[in-house]
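K.L.:
build me a model from this:
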Amino acid sequence: FLPFKLSLAKMATSSFIDTEFTCVSLQEKTTIAINITKIARISLLLLKSTLKMKIFYTLLIVSVIASCKKEVKRAENESAGSAEKTTTVVLDPATNDTLIYPEEKHFKSIRQVTFGGDNAEAYWSFDDSKLIFQSNYKNWGVNCDQMFLMNAEETFKDKQPPMISTGKGRTTCSYFLPDGKHIVYGSTHLKDENCPEVPLKRDGKYVWPVYDSFDIFVADLEGNITAQLTKEPGYDAEATVSPKGDKIVFTSMRSGDLELYTMDIDGKNVKQITNELGYDGGAFFSPDGSKLIFRASRPRTEKEIKEYKDLLAQGLVQPTEMELFICNADGSELRQLTHLGNANWAPFFHPSGEKILFSSNFEAERGFPFNLYLIDIDGKNLERVTHGRTFDAFPVFSNDGKKLAFSSNRNNGGGRDTNLFIAEWQD
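P.N.:
Next up is the predicted model:
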């Protein structure tokens, strides 16, 4: 503010000269006039400088205020974001164990459906009123996986759901047909009514059996088999139905390798979708039926190829290295979606059709935990959804997109039971 004070001083001096020196010579008057003019010019410059300084300081103050407002707004946004990413821990009042972890922001609420055994692959009817799932819970009188039917709002802590498979052999991967009165599922019962052997490891490595006795059947909701859709030698299973209700995708060994195929819901018009060496399976259609998402192994080296083929000859696969792949429903534009390492599997389309929800242990050092993740169909924006300590898998959205059924080891008392849960989903 110093220039402003100097300007006032110069103005006061000019006034004093003009009023006091009246009786002087012309030369002196001329000199005084020249000096006054100089002083006036200097004053004008000082006034301009003062105006600029006023503007400068005004802008400076406005800038400081705006900056403060931005900092406050940023802090508010960070606080809101933090609140959005964190939910309240939900505990089971009976066990005091965790049902929803604080980071699981997509779960608005949750309900445990089963309370013992291994329960998985729960799939919704087209109208979302029912689910079909597989279980090996011995308290329900089974020794290996069989199919059970439930209404969407049911739980089975003190009761048993109706079994709608034959109770013979082993079953897998059931799915509702569009009429809501029939399901498809894979079963080994035609070859042997007993449960087949389940090898857990080969040479110390975890393996899955792919029984050549599996075929795909249609049954009504009373458990009566009404049709057999596959009769080819070798493994035929993992059938799922397009939301359009016109196609079924499944995995088959009929070519000598585990490839994806599609067929009409009556079993006709079979078409091979994939043809690259490796286990292609667990496929699902997008909500509009235009795409397929699936998991696959891709042995590349000579050693990997030999190991894969040797295991397959024994009816086994090793599911420890799998990635997600996506393609059009006719098999065109096939591309790898994830490059995460370890086991990435059980993919399912988000209701938008623009994201995939899947299970993975890519962050685990020793194979566990498995958690659920979201990823865009272009492979971007990977987001962790669940934060369990052991196993979360088999996520399946209801057709209206409001609920998510999945299997989890949470709230099992530290044991090995894998139970069904239904969460209220929020984006």
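K.L.:
from here on, contacts and neighbour counts on C-alpha atoms
P.N.:
OK.
K.L.:
now do the buried residues in stretch 128-145.
P.N.:
Neighbour-count burial for stretch 128-145 flags 128, 130-137, 140, 142-145 (criterion: 16 or more other Cα atoms under 10 Å).
K.L.:
how far does that stretch sit from the chain's center?
P.N.:
Distance of stretch 128-145 from its chain centroid, counting by Cα atoms, centre = their mean, to the nearest Å, is 26 Å.
K.L.:
returning to what we had before: a markdown table for the buried residues of stretch 128-145, including distance to residue 92, secondary structure and pLDDT?
P.N.:
As requested, the buried residues of stretch 128-145 are exported to a markdown table (distance: Cα to Cα, whole Å; DSSP: H, G, I helix; E, B strand; the rest coil; pLDDT from 0 to 100):
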| residue | distance to residue 92 | secondary structure | pLDDT |
| --- | --- | --- | --- |
| 128 | 26 | coil | 98 |
| 130 | 25 | strand | 98 |
| 131 | 23 | strand | 98 |
| 132 | 25 | strand | 98 |
| 133 | 23 | strand | 98 |
| 134 | 24 | strand | 98 |
| 135 | 23 | strand | 98 |
| 136 | 24 | coil | 98 |
| 137 | 21 | coil | 98 |
| 140 | 24 | helix | 98 |
| 142 | 28 | coil | 97 |
| 143 | 29 | coil | 95 |
| 144 | 28 | coil | 97 |
| 145 | 27 | coil | 98 |
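K.L.:
most widely separated two among those residues?
P.N.:
128 and 143 (28.9 Å; Cα to Cα).
K.L.:
ok, residue 170 - contacts?
P.N.:
Contact analysis of residue 170 by Cα atoms under 8 Å, 6 or more residues apart in numbering lists 144-146, 187-189, 194-196.
K.L.:
repeat for residue 305
P.N.:
Going by Cα under 8 Å, 6+ apart, the list of residues near residue 305 reads residue 299.
K.L.:
from residue 324, how far off is it?
P.N.:
Distance, residue 305 to residue 324, by Cα to Cα, to the nearest Å: 19 Å.
K.L.:
hmm, back to that, from the buried residues of stretch 128-145, pick the one nearest residue 372.
P.N.:
Distances from residue 372 to those, taken by Cα to Cα, are shortest for residue 133, at 19.2 Å.
K.L.:
and the closest one, what is it in contact with?
P.N.:
By Cα under 8 Å, 6+ apart, the neighbours of residue 133 are 119-123, 147-149, 173-174.
K.L.:
and residue 406, what are its bridge partners?
P.N.:
Going by DSSP bridges, residue 406 is paired in beta bridges with residue 421.
K.L.:
that one against residue 394, yeah?
P.N.:
Yes - using Cα atoms under 8 Å, residue 406 is in contact with residue 394, at 5.2 Å.
K.L.:
okay, now residue 411: neighbour count?
P.N.:
By other Cα atoms under 10 Å, the residues close to residue 411 number 20.
K.L.:
so what's it up against?
P.N.:
92, 95, 97-99.
K.L.:
the residue nearest the centre of the chain bridge partners, please.
P.N.:
Taking Cα atoms, centre = their mean, the centroid of the chain lies closest to residue 374, which sits 1.9 Å from it. With DSSP bridges as the criterion, residue 374 is bridged to residue 357, residue 383.
K.L.:
which non-adjacent residue is nearest residue 149?
P.N.:
Excluding its sequence neighbours, the residue lying closest to residue 149 (Cα to Cα, 6 or more residues apart in numbering) is residue 132, at 4.7 Å.
K.L.:
again with residue 108
P.N.:
residue 424 is the one closest to residue 108 (Cα to Cα, 6+ apart), at 5.3 Å.
K.L.:
give me the low-pLDDT residue ranges for the stretch 51-200 of the chain?
P.N.:
Flagging of the stretch 51-200 of the chain using pLDDT under 70 yields the residue ranges 51-87.
K.L.:
all strands of it, in order?
P.N.:
Assigned by DSSP state E, counting those that start in this stretch, the stretch 51-200 of the chain shows strands spanning 90-91, 98-100, 107-112, 119-124, 130-135, 146-151, 171-176, 182-187.
K.L.:
so which of those is nearest residue 361?
P.N.:
Comparing the strands of the stretch 51-200 of the chain by Cα to Cα, strand 119-124 comes nearest, at 17.8 Å.
K.L.:
tell me the angle the closest one makes with strand 146-151.
P.N.:
40 degrees (axes from the mean of the first three to the mean of the last three Cα atoms, to 10 degrees).
K.L.:
who are the contact partners of the residue nearest to residue 149?
P.N.:
Applying Cα under 8 Å, 6+ apart, the residues near residue 132 are 121-125, 147-150, 174-176.
K.L.:
ok, residue 367 next?
P.N.:
So residue 367 contacts 342, 361 (Cα under 8 Å, 6+ apart).
K.L.:
report the secondary structure state of it.
P.N.:
Put simply, residue 367 is coil when judged by DSSP: H, G, I helix; E, B strand; the rest coil.
K.L.:
against residue 323, how distant is it?
P.N.:
The value you get for residue 367 to residue 323, if Cα to Cα is used, is 15 Å.
K.L.:
next: residue 222.
P.N.:
37 Å.
K.L.:
same check, this time on residue 193
P.N.:
In terms of Cα to Cα, residue 193 sits 34 Å off from residue 323.
K.L.:
show me which of those two is the more surrounded one.
P.N.:
Using other Cα under 10 Å, the more surrounded residue of residue 193 and residue 323 is residue 323, with 23 against 14.
K.L.:
buried ones in stretch 144-155?
P.N.:
Buried, per 16+ other Cα under 10 Å, within stretch 144-155: 144-150, 152, 155.
K.L.:
show me how far it is from its chain's centre.
P.N.:
A distance of 25 Å separates the centroid of the chain from that of stretch 144-155, by Cα atoms, centre = their mean.
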